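1. Have a look at this fold, sequence not included:
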Ligand code: URA
(Lines give C-alpha, C1' and ligand atoms only; values in the text may rest on other atoms or scores of the structure.)
Protein backbone atom coordinates (compact mmCIF):
# COMPACT_ATOMS: atom_id res chain seq x y z
CA UNK A 1 0.00 0.00 0.00
CA UNK A 2 1.11 3.56 -0.65
CA UNK A 3 -0.04 6.63 1.25
CA UNK A 4 -0.50 8.59 -1.97
CA UNK A 5 -3.03 6.05 -3.30
CA UNK A 6 -5.07 6.36 -0.14
CA UNK A 7 -5.03 10.16 -0.43
CA UNK A 8 -6.09 9.97 -4.08
CA UNK A 9 -8.86 7.48 -3.25
CA UNK A 10 -10.30 9.86 -0.67
CA UNK A 11 -9.84 12.83 -2.99
CA UNK A 12 -11.94 10.92 -5.54
CA UNK A 13 -14.62 10.30 -2.86
CA UNK A 14 -13.80 6.63 -2.45
CA UNK A 15 -14.61 4.67 0.71
CA UNK A 16 -11.42 3.57 2.47
CA UNK A 17 -11.15 0.00 3.71
CA UNK A 18 -10.28 -0.85 7.28
CA UNK A 19 -6.84 -2.02 6.09
CA UNK A 20 -6.17 1.27 4.31
CA UNK A 21 -7.19 3.26 7.38
CA UNK A 22 -5.03 1.13 9.69
CA UNK A 23 -2.08 1.42 7.30
CA UNK A 24 -2.40 5.19 7.14
CA UNK A 25 -2.79 5.72 10.89
CA UNK A 26 0.05 3.35 11.78
CA UNK A 27 2.32 4.85 9.13
CA UNK A 28 1.66 8.32 10.53
CA UNK A 29 2.42 7.31 14.11
CA UNK A 30 5.58 5.45 13.11
CA UNK A 31 6.78 8.51 11.19
CA UNK A 32 6.70 6.63 7.89
CA UNK A 33 3.99 8.86 6.44
CA UNK A 34 5.07 12.50 6.64
CA UNK A 35 2.99 15.42 7.91
CA UNK A 36 2.44 16.81 4.40
CA UNK A 37 0.75 13.63 3.21
CA UNK A 38 -1.36 13.40 6.35
CA UNK A 39 -2.37 17.05 5.87
CA UNK A 40 -3.46 16.36 2.29
CA UNK A 41 -5.42 13.31 3.44
CA UNK A 42 -7.09 15.30 6.26
CA UNK A 43 -8.15 17.93 3.73
CA UNK A 44 -9.59 15.24 1.45
CA UNK A 45 -11.54 13.83 4.43
CA UNK A 46 -12.76 17.31 5.35
CA UNK A 47 -13.97 17.95 1.81
CA UNK A 48 -15.38 14.52 0.99
CA UNK A 49 -16.37 13.08 4.37
CA UNK A 50 -16.33 9.51 5.62
CA UNK A 51 -19.03 6.91 6.13
CA UNK A 52 -19.93 5.93 9.72
CA UNK A 53 -18.07 2.66 9.09
CA UNK A 54 -14.91 4.48 8.00
CA UNK A 55 -15.20 6.82 10.99
CA UNK A 56 -15.54 3.91 13.40
CA UNK A 57 -12.51 2.22 11.82
CA UNK A 58 -10.55 5.46 12.04
CA UNK A 59 -11.52 5.84 15.71
CA UNK A 60 -10.43 2.29 16.54
CA UNK A 61 -7.19 2.68 14.55
CA UNK A 62 -6.43 5.79 16.61
CA UNK A 63 -7.35 4.00 19.87
CA UNK A 64 -4.97 1.15 18.98
CA UNK A 65 -2.18 3.47 17.89
CA UNK A 66 -1.14 3.33 21.56
CA UNK A 67 -2.08 1.69 24.81
CA UNK A 68 -5.57 1.61 26.28
CA UNK A 69 -5.93 2.57 29.90
CA UNK A 70 -7.68 0.09 32.17
CA UNK A 71 -9.14 1.90 35.17
CA UNK A 72 -11.16 -1.04 36.49
CA UNK A 73 -8.98 -1.53 39.58
CA UNK A 74 -8.72 2.21 40.19
CA UNK A 75 -12.28 3.54 40.25
CA UNK A 76 -15.69 1.83 40.48
CA UNK A 77 -16.73 3.49 37.20
CA UNK A 78 -14.56 5.59 34.93
CA UNK A 79 -16.55 8.65 33.90
CA UNK A 80 -15.36 11.38 31.59
CA UNK A 81 -16.58 14.48 29.80
CA UNK A 82 -15.55 16.22 26.65
CA UNK A 83 -16.53 19.40 24.90
CA UNK A 84 -16.23 19.73 21.14
CA UNK A 85 -14.63 23.12 21.76
CA UNK A 86 -15.80 26.70 21.98
CA UNK A 87 -15.03 30.22 23.13
CA UNK A 88 -14.90 30.87 26.87
CA UNK A 89 -15.54 27.19 27.54
CA UNK A 90 -13.83 26.64 30.86
CA UNK A 91 -16.43 24.07 31.96
CA UNK A 92 -13.99 21.25 32.87
CA UNK A 93 -12.24 23.51 35.39
CA UNK A 94 -15.42 23.73 37.44
CA UNK A 95 -17.21 20.49 36.58
CA UNK A 96 -14.40 18.14 37.56
CA UNK A 97 -14.10 19.49 41.11
CA UNK A 98 -17.90 19.55 41.46
CA UNK A 99 -18.40 15.88 40.56
CA UNK A 100 -15.29 14.80 42.45
CA UNK A 101 -16.63 16.59 45.53
CA UNK A 102 -19.85 14.58 45.11
CA UNK A 103 -17.81 11.40 45.56
CA UNK A 104 -17.42 10.51 41.89
CA UNK A 105 -13.70 10.21 41.10
CA UNK A 106 -12.87 11.78 37.77
CA UNK A 107 -9.70 11.78 35.73
CA UNK A 108 -9.63 13.71 32.50
CA UNK A 109 -7.17 14.04 29.71
CA UNK A 110 -7.63 17.38 28.02
CA UNK A 111 -6.31 19.21 25.01
CA UNK A 112 -4.77 22.53 24.10
CA UNK A 113 -6.39 25.38 22.23
CA UNK A 114 -7.45 24.50 18.72
CA UNK A 115 -8.02 27.27 16.17
CA UNK A 116 -10.21 29.98 17.69
CA UNK A 117 -11.33 27.71 20.53
CA UNK A 118 -9.47 27.63 23.84
CA UNK A 119 -7.95 24.56 25.52
CA UNK A 120 -8.18 23.36 29.11
CA UNK A 121 -4.45 22.64 29.45
CA UNK A 122 -3.47 26.14 28.34
CA UNK A 123 -5.88 27.55 30.90
CA UNK A 124 -4.60 25.42 33.78
CA UNK A 125 -1.01 26.36 32.97
CA UNK A 126 -1.88 29.92 34.02
CA UNK A 127 -1.31 28.56 37.51
CA UNK A 128 2.49 28.46 38.04
CA UNK A 129 3.89 24.98 38.48
CA UNK A 130 0.75 23.12 37.40
CA UNK A 131 1.86 19.99 35.55
CA UNK A 132 -0.15 18.70 32.62
CA UNK A 133 2.27 15.92 31.65
CA UNK A 134 1.41 13.17 34.14
CA UNK A 135 2.34 9.68 33.01
CA UNK A 136 -0.11 6.81 33.21
CA UNK A 137 1.07 5.62 36.63
CA UNK A 138 0.83 9.11 38.07
CA UNK A 139 -2.63 9.49 36.52
CA UNK A 140 -3.89 6.27 38.12
CA UNK A 141 -2.29 6.97 41.49
CA UNK A 142 -3.72 10.48 41.71
CA UNK A 143 -7.16 9.31 40.59
CA UNK A 144 -7.18 6.67 43.33
CA UNK A 145 -5.72 8.88 46.07
CA UNK A 146 -7.25 12.28 45.30
CA UNK A 147 -10.28 11.43 43.14
CA UNK A 148 -9.43 14.12 40.60
CA UNK A 149 -6.93 14.49 37.74
CA UNK A 150 -6.74 16.96 34.88
CA UNK A 151 -3.79 16.38 32.61
CA UNK A 152 -2.69 16.25 28.99
CA UNK A 153 -3.24 13.25 26.88
CA UNK A 154 -0.33 10.98 27.76
CA UNK A 155 1.77 10.30 24.70
CA UNK A 156 1.12 6.57 24.81
CA UNK A 157 -2.69 6.98 24.66
CA UNK A 158 -4.15 7.49 21.18
CA UNK A 159 -0.88 9.06 19.97
CA UNK A 160 -2.34 9.29 16.47
CA UNK A 161 -4.95 11.73 17.74
CA UNK A 162 -2.43 13.92 19.54
CA UNK A 163 -0.37 14.31 16.37
CA UNK A 164 -3.29 14.65 14.01
CA UNK A 165 -4.98 17.22 16.27
CA UNK A 166 -1.88 19.46 16.17
CA UNK A 167 -1.62 19.13 12.41
CA UNK A 168 -5.31 19.86 11.78
CA UNK A 169 -5.07 23.00 13.87
CA UNK A 170 -2.62 24.57 11.41
CA UNK A 171 -3.94 23.14 8.15
CA UNK A 172 -7.56 24.30 8.23
CA UNK A 173 -8.85 20.78 8.74
CA UNK A 174 -10.54 21.06 12.12
CA UNK A 175 -14.25 21.34 11.21
CA UNK A 176 -14.76 17.86 9.79
CA UNK A 177 -17.39 15.64 11.44
CA UNK A 178 -15.50 12.32 11.01
CA UNK A 179 -12.21 13.86 12.16
CA UNK A 180 -13.78 15.48 15.22
CA UNK A 181 -15.82 12.38 16.13
CA UNK A 182 -12.81 10.04 15.83
CA UNK A 183 -10.56 12.50 17.66
CA UNK A 184 -12.89 12.85 20.62
CA UNK A 185 -13.99 9.23 20.86
CA UNK A 186 -10.50 7.74 20.40
CA UNK A 187 -9.21 9.84 23.30
CA UNK A 188 -12.09 8.91 25.54
CA UNK A 189 -11.96 5.19 24.74
CA UNK A 190 -8.16 5.02 25.07
CA UNK A 191 -8.34 6.83 28.40
CA UNK A 192 -10.53 4.05 29.76
CA UNK A 193 -13.84 5.92 30.07
CA UNK A 194 -16.86 3.70 30.55
CA UNK A 195 -19.41 6.51 30.79
CA UNK A 196 -18.96 9.70 28.80
CA UNK A 197 -20.82 13.01 28.75
CA UNK A 198 -20.18 14.85 25.50
CA UNK A 199 -20.92 18.52 25.15
CA UNK A 200 -21.29 19.31 21.48
CA UNK A 201 -21.25 23.03 20.84
CA UNK A 202 -23.48 24.54 18.19
CA UNK A 203 -23.17 27.94 16.61
CA UNK A 204 -20.84 30.35 14.95
CA UNK A 205 -18.22 29.99 17.71
CA UNK A 206 -18.18 26.20 17.41
CA UNK A 207 -16.83 23.78 14.86
CA UNK A 208 -20.45 22.77 14.18
CA UNK A 209 -22.32 25.88 13.12
CA UNK A 210 -25.80 24.39 12.63
CA UNK A 211 -28.00 22.18 14.79
CA UNK A 212 -28.19 19.62 11.95
CA UNK A 213 -24.41 19.28 11.79
CA UNK A 214 -24.13 19.10 15.57
CA UNK A 215 -26.79 16.38 15.67
CA UNK A 216 -24.91 14.45 13.01
CA UNK A 217 -21.72 14.67 15.08
CA UNK A 218 -23.60 13.71 18.25
CA UNK A 219 -25.28 10.71 16.62
CA UNK A 220 -22.00 9.51 15.20
CA UNK A 221 -20.22 9.71 18.55
CA UNK A 222 -23.05 7.94 20.39
CA UNK A 223 -22.91 5.21 17.72
CA UNK A 224 -19.15 4.82 18.03
CA UNK A 225 -19.55 4.70 21.83
CA UNK A 226 -22.20 1.97 21.49
CA UNK A 227 -19.97 -0.10 19.23
CA UNK A 228 -17.15 0.24 21.73
CA UNK A 229 -19.43 -0.72 24.64
CA UNK A 230 -19.43 2.71 26.35
CA UNK A 231 -22.38 4.66 27.78
CA UNK A 232 -22.55 8.02 26.03
CA UNK A 233 -24.78 11.02 26.69
CA UNK A 234 -24.49 13.89 24.27
CA UNK A 235 -25.67 17.42 25.09
CA UNK A 236 -26.05 20.08 22.42
CA UNK A 237 -25.23 23.52 23.79
CA UNK A 238 -25.13 27.00 22.33
CA UNK A 239 -21.88 28.53 21.14
CA UNK A 240 -23.07 31.57 19.21
CA UNK A 241 -21.85 33.76 22.04
CA UNK A 242 -19.02 33.04 24.48
CA UNK A 243 -19.83 30.90 27.52
CA UNK A 244 -19.64 33.04 30.65
CA UNK A 245 -17.79 36.31 30.50
CA UNK A 246 -14.06 35.52 30.41
CA UNK A 247 -12.22 34.59 27.22
CA UNK A 248 -8.48 34.05 27.68
CA UNK A 249 -6.53 31.65 29.86
CA UNK A 250 -5.92 33.27 33.26
CA UNK A 251 -9.17 35.24 33.03
CA UNK A 252 -11.04 31.97 32.55
CA UNK A 253 -9.30 30.29 35.48
CA UNK A 254 -10.39 33.15 37.68
CA UNK A 255 -13.96 32.84 36.42
CA UNK A 256 -13.98 29.10 37.10
CA UNK A 257 -12.77 29.75 40.66
CA UNK A 258 -15.54 32.34 41.07
CA UNK A 259 -18.08 29.73 39.93
CA UNK A 260 -16.71 27.21 42.42
CA UNK A 261 -17.30 29.82 45.10
CA UNK A 262 -20.94 30.13 44.01
CA UNK A 263 -20.42 33.28 41.94
CA UNK A 264 -19.44 33.91 38.34
CA UNK A 265 -21.74 34.49 35.38
CA UNK A 266 -25.17 32.83 35.62
CA UNK A 267 -24.95 31.06 32.23
CA UNK A 268 -21.59 29.50 33.05
CA UNK A 269 -22.75 28.35 36.50
CA UNK A 270 -25.91 26.83 35.02
CA UNK A 271 -23.94 25.12 32.27
CA UNK A 272 -21.58 23.53 34.81
CA UNK A 273 -24.44 22.33 37.02
CA UNK A 274 -26.16 20.76 34.03
CA UNK A 275 -23.05 18.92 32.77
CA UNK A 276 -22.18 17.82 36.33
CA UNK A 277 -25.71 16.48 36.84
CA UNK A 278 -25.45 14.35 33.71
CA UNK A 279 -22.07 12.98 34.79
CA UNK A 280 -23.37 12.06 38.24
CA UNK A 281 -26.43 10.41 36.72
CA UNK A 282 -24.74 8.46 33.92
CA UNK A 283 -22.21 7.13 36.42
CA UNK A 284 -25.01 5.98 38.75
CA UNK A 285 -23.99 8.31 41.59
CA UNK A 286 -27.44 9.93 41.57
CA UNK A 287 -30.76 8.26 40.79
CA UNK A 288 -31.90 11.03 38.46
CA UNK A 289 -30.97 14.49 37.22
CA UNK A 290 -32.89 16.22 40.02
CA UNK A 291 -30.96 14.46 42.75
CA UNK A 292 -27.69 14.99 40.86
CA UNK A 293 -28.38 18.70 40.57
CA UNK A 294 -28.98 19.02 44.32
CA UNK A 295 -25.70 17.19 44.99
CA UNK A 296 -23.80 19.49 42.60
CA UNK A 297 -25.33 22.63 44.13
CA UNK A 298 -24.44 21.42 47.60
CA UNK A 299 -20.83 20.78 46.57
CA UNK A 300 -20.57 24.43 45.61
CA UNK A 301 -22.41 25.88 48.59
CA UNK A 302 -20.53 23.84 51.21
CA UNK A 303 -17.13 24.70 49.69
CA UNK A 304 -16.19 21.09 48.91
CA UNK A 305 -15.95 21.70 45.14
CA UNK A 306 -13.52 24.57 45.65
CA UNK A 307 -11.54 22.42 48.05
CA UNK A 308 -11.32 19.70 45.36
CA UNK A 309 -9.92 22.27 42.95
CA UNK A 310 -7.24 23.11 45.51
CA UNK A 311 -6.49 19.40 45.90
CA UNK A 312 -6.14 19.10 42.12
CA UNK A 313 -3.79 22.07 41.84
CA UNK A 314 -1.66 20.93 44.75
CA UNK A 315 -1.47 17.32 43.56
CA UNK A 316 -0.15 18.46 40.19
CA UNK A 317 2.48 20.80 41.56
CA UNK A 318 0.56 24.05 41.10
CA UNK A 319 0.87 26.96 43.49
CA UNK A 320 -2.37 26.83 45.52
CA UNK A 321 -1.95 30.39 46.68
CA UNK A 322 -3.25 31.29 43.19
CA UNK A 323 -6.48 29.46 43.99
CA UNK A 324 -6.83 31.29 47.30
CA UNK A 325 -5.80 34.61 45.72
CA UNK A 326 -6.78 34.52 42.03
CA UNK A 327 -5.72 38.17 41.77
CA UNK A 328 -2.17 36.76 41.63
CA UNK A 329 -2.85 35.12 38.23
CA UNK A 330 -0.95 36.62 35.25
CA UNK A 331 -2.19 40.09 34.37
CA UNK A 332 -1.97 41.99 31.10
CA UNK A 333 -0.18 45.34 31.00
CA UNK A 334 -3.15 47.17 29.48
CA UNK A 335 -6.81 46.88 30.45
CA UNK A 336 -9.34 48.91 28.50
CA UNK A 337 -13.06 48.96 29.21
CA UNK A 338 -14.94 49.61 25.98
CA UNK A 339 -18.31 51.32 26.18
CA UNK A 340 -21.42 50.72 24.14
CA UNK A 341 -21.60 53.20 21.25
CA UNK A 342 -25.40 53.23 21.41
CA UNK A 343 -28.47 52.03 23.28
CA UNK A 344 -30.51 49.01 22.28
CA UNK A 345 -30.71 45.23 22.63
CA UNK A 346 -27.82 42.94 21.88
CA UNK A 347 -28.66 40.88 18.81
CA UNK A 348 -25.27 39.23 18.49
CA UNK A 349 -22.14 38.77 20.61
CA UNK A 350 -20.14 36.93 17.98
CA UNK A 351 -18.24 34.10 19.59
CA UNK A 352 -16.12 33.32 16.56
CA UNK A 353 -14.85 36.89 16.09
CA UNK A 354 -14.13 37.09 19.82
CA UNK A 355 -12.29 33.76 19.75
CA UNK A 356 -10.24 34.87 16.75
CA UNK A 357 -9.49 38.20 18.39
CA UNK A 358 -8.25 36.42 21.49
CA UNK A 359 -5.88 34.28 19.38
CA UNK A 360 -4.61 37.49 17.73
CA UNK A 361 -4.02 38.99 21.20
CA UNK A 362 -1.80 35.99 21.98
CA UNK A 363 -4.19 33.80 24.02
CA UNK A 364 -4.10 31.06 21.35
CA UNK A 365 -1.73 29.77 18.70
CA UNK A 366 -1.48 30.69 15.03
CA UNK A 367 1.01 27.89 14.48
CA UNK A 368 1.85 24.67 16.28
CA UNK A 369 4.97 25.97 18.03
CA UNK A 370 3.64 29.40 19.16
CA UNK A 371 3.95 30.32 22.82
CA UNK A 372 0.74 31.62 24.32
CA UNK A 373 0.26 34.54 26.65
CA UNK A 374 -1.84 33.50 29.65
CA UNK A 375 -2.70 37.03 30.71
CA UNK A 376 -4.48 38.40 27.63
CA UNK A 377 -8.13 38.11 26.62
CA UNK A 378 -11.51 39.69 27.18
CA UNK A 379 -14.26 40.06 29.71
CA UNK A 380 -17.51 40.19 27.78
CA UNK A 381 -20.14 41.82 29.96
CA UNK A 382 -23.38 41.07 28.10
CA UNK A 383 -25.41 38.32 26.50
CA UNK A 384 -27.66 38.31 23.45
CA UNK A 385 -31.03 39.76 24.48
CA UNK A 386 -29.57 42.12 27.12
CA UNK A 387 -30.57 45.77 27.03
CA UNK A 388 -27.51 48.05 26.90
CA UNK A 389 -27.35 51.82 27.25
CA UNK A 390 -25.01 54.08 25.35
CA UNK A 391 -21.83 54.58 27.37
CA UNK A 392 -22.32 51.47 29.51
CA UNK A 393 -19.37 49.04 29.71
CA UNK A 394 -19.66 46.47 26.92
CA UNK A 395 -16.42 44.51 27.31
CA UNK A 396 -12.84 44.82 28.56
CA UNK A 397 -9.70 44.10 26.54
CA UNK A 398 -6.67 42.74 28.41
CA UNK A 399 -3.64 43.25 26.13
CA UNK A 400 0.13 43.59 26.33
CA UNK A 401 0.65 46.22 23.62
CA UNK A 402 -1.25 49.14 22.11
CA UNK A 403 -1.36 47.86 18.53
CA UNK A 404 -2.96 44.56 19.43
CA UNK A 405 -5.23 46.26 21.95
CA UNK A 406 -6.61 48.55 19.23
CA UNK A 407 -7.10 45.71 16.74
CA UNK A 408 -8.82 43.56 19.38
CA UNK A 409 -11.08 46.41 20.48
CA UNK A 410 -12.25 47.02 16.91
CA UNK A 411 -12.83 43.37 16.20
CA UNK A 412 -14.77 42.70 19.39
CA UNK A 413 -16.78 45.90 19.06
CA UNK A 414 -17.72 44.71 15.55
CA UNK A 415 -18.82 41.38 17.07
CA UNK A 416 -21.46 43.18 19.17
CA UNK A 417 -24.56 43.92 17.09
CA UNK A 418 -27.05 46.22 18.76
CA UNK A 419 -30.66 46.26 17.60
CA UNK A 420 -33.40 48.84 18.12
CA UNK A 421 -35.84 46.02 18.78
CA UNK A 422 -36.06 43.65 21.68
CA UNK A 423 -34.16 40.41 21.06
CA UNK A 424 -34.87 37.01 22.65
CA UNK A 425 -32.03 35.47 24.69
CA UNK A 426 -30.27 32.43 23.25
CA UNK A 427 -30.88 29.03 24.86
CA UNK A 428 -28.03 27.48 26.85
CA UNK A 429 -28.82 23.94 25.64
CA UNK A 430 -30.72 22.80 22.55
CA UNK A 431 -31.13 19.12 23.34
N1 LIG B 1 -12.04 18.41 20.29
C2 LIG B 1 -11.29 17.30 20.05
O3 LIG B 1 -10.89 16.59 20.95
N4 LIG B 1 -11.00 16.99 18.80
C5 LIG B 1 -11.41 17.73 17.75
O6 LIG B 1 -11.13 17.37 16.65
C7 LIG B 1 -12.18 18.88 18.00
C8 LIG B 1 -12.49 19.20 19.29
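-> Received, thanks. Since the structure is predicted, the reported quantities are computational estimates derived from the model, not experimental observations.
2. need the residues of the stretch 51-200 of the chain near the ligand, please.
-> Proximity of the stretch 51-200 of the chain to the ligand, by C-beta under 6 Å from any ligand atom, involves residues 84-85, 111, 114, 165, 179-180, 183-184. To be clear about C-beta, it is placed using only N, CA and C from the backbone, and glycine gets the same treatment.
3. quick check, nearest of those to residue 143?
-> Among these, residue 111 lies closest to residue 143 (C-beta to C-beta), at 18.8 Å.
4. Contacts only, for the closest one.
-> Contact analysis of residue 111 by C-beta atoms under 8 Å, 6 or more residues apart in numbering lists 119-121, 152-153, 165, 187.
5. which ones are touching the spatially most central residue of the chain?
-> Closest to where the C-alpha atoms of the chain average out (C-alpha atoms, centre = their mean) is residue 85, at 4.0 Å. If you count contacts by C-beta under 8 Å, 6+ apart, residue 85 has them with 114-115, 117-118, 201, 206-207.
6. Pull up the gap between it and residue 168, please.
-> According to C-beta to C-beta, to the nearest Å, residue 85 and residue 168 sit 12 Å apart.
7. Any stretches of this structure with poor pLDDT?
-> For the chain, the stretches flagged by pLDDT under 70 are 368.
8. could you pull out the strands for it?
-> 79-83, 106-110, 148-152, 195-202, 231-238, 246-247, 334-339, 344-349, 377-380, 387-388, 393-399, 416-419 (DSSP state E).
9. Deepest in the core, which of these is it.
-> strand 246-247 (a mean of 30; mean count of other C-beta atoms under 10 Å).
10. Could you find the closest non-adjacent residue to the closest residue to the ligand within the chain?
-> Nearest to the ligand, among the residues of the chain, is residue 183, at 3.5 Å (C-beta to the nearest ligand atom). Leaving out its chain neighbours, the residue that sits closest to residue 183 by C-beta to C-beta, 6 or more residues apart in numbering is residue 161, at 5.2 Å.
11. For stretch 116-124, measure first residue to last.
-> 18 Å (C-alpha to C-alpha, to the nearest Å).
12. Name the residues that touch it?
-> Contact with stretch 116-124 is made by 85-90, 92-93, 108, 110-113, 130, 132, 150-152, 205-207, 247-250, 252-253, 256, 318, 352, 355-356, 358-359, 363-364, 372, 374, as judged by C-beta under 8 Å, 6+ apart.
13. give me that answer again for 7 Å
-> When contacts are defined by C-beta atoms under 7 Å, 6 or more residues apart in numbering, stretch 116-124 is touched by residues 85-87, 89-90, 92-93, 110-113, 130, 132, 150, 152, 249, 252-253, 352, 355-356, 359, 364, 372.
14. Can you list which of the residues you listed are found in helices?
-> 92-93, 249, 252-253, 352, 355-356, 359 (DSSP state H).
15. Mind picking the one among the residues you listed that's closest to residue 64?
-> Within these, the smallest distance to residue 64 is 26.0 Å, found for residue 92 (C-beta to C-beta).
16. Thought residue 109 was touching that closest one, still the case?
-> No: with contact defined as C-beta atoms under 7 Å, residue 92 does not count as touching residue 109 (10.5 Å).
17. residues shared between the contacts of the two?
-> Common neighbours of residue 92 and residue 109 (C-beta under 7 Å, 6+ apart) do not exist.
18. ok, back up a step: determine which two of the residues of the stretch 51-200 of the chain next to the ligand are furthest apart.
-> Farthest pair in these, by C-beta to C-beta: 111 and 179, 13.6 Å.
19. Quick check: the residue nearest to the centre of the chain vs residue 202, distance?
-> Distance from residue 85 to residue 202, by C-beta to C-beta: 12 Å.
20. just residue 392 next, same as before
-> 29 Å.
21. separation between the closest residue to residue 116 other than its chain neighbours and residue 247?
-> Nearest in space to residue 116, with sequence neighbours left out and distances taken as C-beta to C-beta, 6+ apart, is residue 355 at 3.3 Å. According to C-beta to C-beta, residue 355 and residue 247 sit 7 Å apart.
22. anything in contact with each of these two?
-> With C-beta under 7 Å, 6+ apart as the test, residue 355 and residue 247 both reach residue 87.
23. Around the closest residue to residue 37 other than its chain neighbours, count how many other residues there are.
-> Leaving aside its sequence neighbours, residue 37 sits nearest to residue 3 (C-beta to C-beta, 6+ apart; 4.8 Å). Neighbour count for residue 3, taken as other C-beta atoms under 10 Å: 19.
24. Can you give me every residue that contacts the residue nearest to residue 116?
-> 87, 116-117, 205.
25. tell me the phi and psi of the closest residue to residue 192 other than its chain neighbours?
-> Of all residues not flanking residue 192 in the chain, residue 69 sits nearest, at 3.7 Å (C-beta to C-beta, 6+ apart). Here is the backbone geometry of residue 69 (degrees, to the nearest 10): phi -70, psi 140.
26. Same question for residue 428.
-> phi -80, psi -40.
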